[in-house]
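Enquirer: Give me coordinates for this.
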Amino acid sequence: MRVPIILLIVIYSIAVIGLTLVPGVDAEGKVAAPLSFFHAFYFVSYTATTIGFGEIPNAFSDAQRLWVTLCIYLTVIGWSYSVVTLIALLQDKGFQNTLTINRFAWRVRRLKEPFYLVCGCGETGNLICRTFDRINQPFVVIEIDELRVQELDLQDFKTDTPALAADARHPDNLLLAGLKHPKCRGVLAATNDEQSNLAIAIAARLLNPGVPLIARARSASVAANMASFGTDHIINPFERFAEHLALAVAAPERFRLIELLTSLPETPIPEIHRPPGGRWILCGYGRFGHAIAKRLAATGIQLSIIDPQAPDADHTIIGDGTEATTLEQAGIHSASGIIAGTDNDVNNLSIAVTAHELNPLLFVVARQNHSANAALFAAYNADFTMVHSQIVAQESVAILTAPLLARFLEQLRDQDEHWSHGLVDRLQILGDGYTPVVWDIRLNISEAPAAYHALMHRQTFSLGQLLRDGTDRSQPLNAITLLIERGDQFFLLPPDEFILNAGDQLLLASPLAAQRNFEFTVRNANELDYVLSGREDSGSWLWQRLAGTGKTN
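Expert: I've put the predicted structure just below:
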């Protein structure tokens, strides 16, 4: 806009100067002096704004009128050029990107609550974002695909979500998105490209070493590279599903417990998976197939492998598993289960349908590669479906919203199936058909100020006394305390009589409403006083005066 503005200034300057040089006429029609600079500037000003007061201070001479006519056409040309330039500027991609980036940076700077930086908004990232929005957790998104960012803007999010179409591999974009913002609580590298995730992990660790970092990887080499840079959590969906499947075979109740605790919060409780032992057939021996074979071998399951490229493993058959003859060669009639684990969704469905027709008693595990085919897999309804985006999203949300959950899952290794079954029954009752929200809170000045001040002033209360409904203290809060961390000590499933100390960190499972109830109790002194003692006064000066007046009367 520099040239159009200069052009307009020059045109109006020439118009003013010309009026100070062209002679006028007086009331008698005689030649008079030209307009003064003030009157010339005044006339041009109201003419330029299309107001128009007439010819002042006297009627113009023909020469003045000719000059004004010339100036009017010059300004029309100048304004036309300026408007066209402005329209072109507004349509310019570079200018639009500048406005978008500035607006995005401004929204990130204005964030006052802790937020997470989500890099990549494909199937996995979108699932994470929708979960964060459901639990009222602010987040910022960087996605290289502009179309996905536009689709994100169309979603009816409850939270104000800054989103930018940019390459998260570039450190400047990460900084723009709030990587070094004091409220940034963590970074998720959840793109579909593991090399991009590696670049994000390296940049995040170097630019802000203290921020928690979760990255998605598929190959062992990239995972090892991420680990060398101190990535806090590396999620390989193939390895994770293989672990889950093997655990479901060896310890089904423990697997069920882990499944409930790591599922996306406030979603329907997943169906029960009870894969049998015996001999299985594995179709597809890529990275996913290798992970499955390695994990299932430890459970004692014998595998027959079908792959088009003659895999280097025992009991292998060349083929893709979609033909009945190949499946019969692998012993489909005597097999206990089959895993359709190729990277092609159509082939996986074909394998599953063909195998089930040959052996209706088979336990079928199907790998779903793309969310666009979710309706097809839902219609087939395999016994166990592997959705890699859901696995990454579930674990990411669980780790970020409840860091203490990882410690709890470690404690599970020492528990038997009976103990796990009892806790599973309690968790399933909590949400009335929906998975619980797993969250943690520390009784300190920032997260639970009311409870912290009470404990620091030598007020003693137990876990059971604190876990009461803030709207009706006679009712227990619909929550289960899974673990309490106190320094180097960990207390698994503490009883209601457990005495709390300032600084304790609690891991709980509850519906979202119960979480909000508890958080309000430990943050608000009046609510805490009501829960612990039953007193309903606010404690304010006005309330005390009113209460005192009432007693006097």
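Enquirer: Identify the residue nearest L89 in space, chain neighbours excluded?
Expert: F95 (5.4 Å; CB to CB, 6 or more residues apart in numbering). Quick note: C-beta positions are derived from backbone N, CA and C, even for glycine.
Enquirer: for the helix or strand containing that neighbour, packing partners?
Expert: Counting by DSSP states H and E, the element that carries F95 is helix 93-109. Counting contacts by 3 or more CB pairs under 8 Å, 6 or more residues apart in numbering; DSSP states H and E, helix 93-109 packs against strand 163-165, helix 171-176.
Enquirer: outside of the longest one, which residues touch it?
Expert: It stands for helix 171-176. By CB atoms under 8 Å, 6 or more residues apart in numbering, the residues outside helix 171-176 that reach it are 101, 104-105, 108, 117, 119, 142, 164, 166-168, 187, 200, 203-204, 207.
Enquirer: Off-centre distance for that helix?
Expert: Centre-to-centre, helix 171-176 and its host chain are 18 Å apart (CA atoms, centre = their mean, to the nearest Å).
Enquirer: please renumber so the chain begins at 48
Expert: Shifting the count to begin at 48 puts that one at helix 218-223.
Enquirer: Mind checking what helix or strand follows it in sequence?
Expert: Once helix 218-223 ends, the next helix or strand along the chain (criterion: DSSP H and E) is strand 231-236.
Enquirer: what pLDDT, on average, does the helix or strand following that following strand get?
Expert: Per DSSP H and E, the first helix or strand lying C-terminal to strand 231-236 is helix 241-254. Helix 241-254 shows a mean pLDDT of 94 in the predicted model.
Enquirer: got the buried residues for helix 241-254?
Expert: E241, S243, N244, L245, A246, I247, A248, I249, A250, A251, R252 (16 or more other CB atoms under 10 Å).
Enquirer: So for the chain, the centremost residue is which one?
Expert: Central residue of the chain (CA atoms, centre = their mean): C176, 3.0 Å from the mean position.
Enquirer: Next, count neighbours for G169.
Expert: G169 has 17 neighbours, counted by other CB atoms under 10 Å.
Enquirer: just the contacts of helix 218-223 now: which is nearest N391?
Expert: C166 (27.7 Å; CB to CB).
Enquirer: Distance of the nearest residue to the closest one once chain neighbours are set aside relative to D354?
Expert: In space, and not counting its chain neighbours, C166 is closest to A215: 3.9 Å by CB to CB, 6+ apart. Taking CB to CB, to the nearest Å as the measure, A215 falls 35 Å from D354.
Enquirer: quick one, which of those two is more surrounded?
Expert: Neighbours around A215 and D354, counted as other CB under 10 Å, are more numerous at A215. The numbers are 28 against 21.
Enquirer: Show me what the longest helix belonging to the chain packs onto, helices and strands only.
Expert: The longest helix of the chain (DSSP state H) is helix 109-138. Applying 3+ CB pairs under 8 Å, 6+ apart, one finds that helix 109-138 contacts helix 49-66, helix 84-95.
Enquirer: Can you point out the buried residues in that helix?
Expert: Of the residues in helix 109-138, A110, Q111, W114, V115, C118, L121, T122, G125, S129, T132 count as buried by neighbour count, 16+ other CB under 10 Å.
Enquirer: With distance to G368 and pLDDT added, can I get those in CSV?
Expert: Formatted as CSV, these follow (distance: CB to CB, whole Å; pLDDT from 0 to 100):
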residue, distance to G368, pLDDT
A110, 96, 86
Q111, 94, 84
W114, 90, 88
V115, 88, 86
C118, 84, 87
L121, 80, 87
T122, 78, 86
G125, 74, 84
S129, 68, 85
T132, 64, 82
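Enquirer: Which member of these is positioned nearest S418?
Expert: Of all these, T132 has the smallest distance to S418: 44.9 Å, by CB to CB.
Enquirer: now the helices for the stretch 448-597 of the chain?
Expert: 452-459, 464-477, 496-503, 510-513, 559-570, 572-580, 588-599 (DSSP state H, counting those that start in this stretch).
Enquirer: per-residue confidence averaged over the shortest one?
Expert: The average of the pLDDT scores along helix 510-513 is 94.
Enquirer: How far does that helix sit from its chain's centre?
Expert: Helix 510-513 has its C-alpha centroid displaced from the chain centroid by 33 Å (CA atoms, centre = their mean).
Enquirer: Against which helices or strands is it packed?
Expert: If you count contacts as 3+ CB pairs under 8 Å, 6+ apart, helix 510-513 packs onto helix 559-570, helix 572-580.
Enquirer: Going by neighbour count, which residues in that helix are buried?
Expert: The neighbour-count check on helix 510-513 (16+ other CB under 10 Å) flags L510, Q512, L513 as buried.
Enquirer: surely the first one meets T528?
Expert: Yes - applying CB atoms under 8 Å, one finds L510 in contact with T528, separated by 6.0 Å.
Enquirer: Find residues that contact each of those two.
Expert: Shared contacts of L510 and T528, defined by CB under 8 Å, 6+ apart, are found at P541, L553.
Enquirer: tell me the contacts of A421?
Expert: Q415, V434.
Enquirer: Pull out the buried positions in the helix or strand hosting it.
Expert: For A421, the enclosing helix or strand under DSSP H and E is helix 421-427. Buried residues in helix 421-427, defined by neighbour count with 16+ other CB under 10 Å: F424, Y427.
Enquirer: What of stretch 151-165?
Expert: For stretch 151-165, by 16+ other CB under 10 Å, it's F151, A152, R154, V155, L158, F162, Y163, L164, V165.
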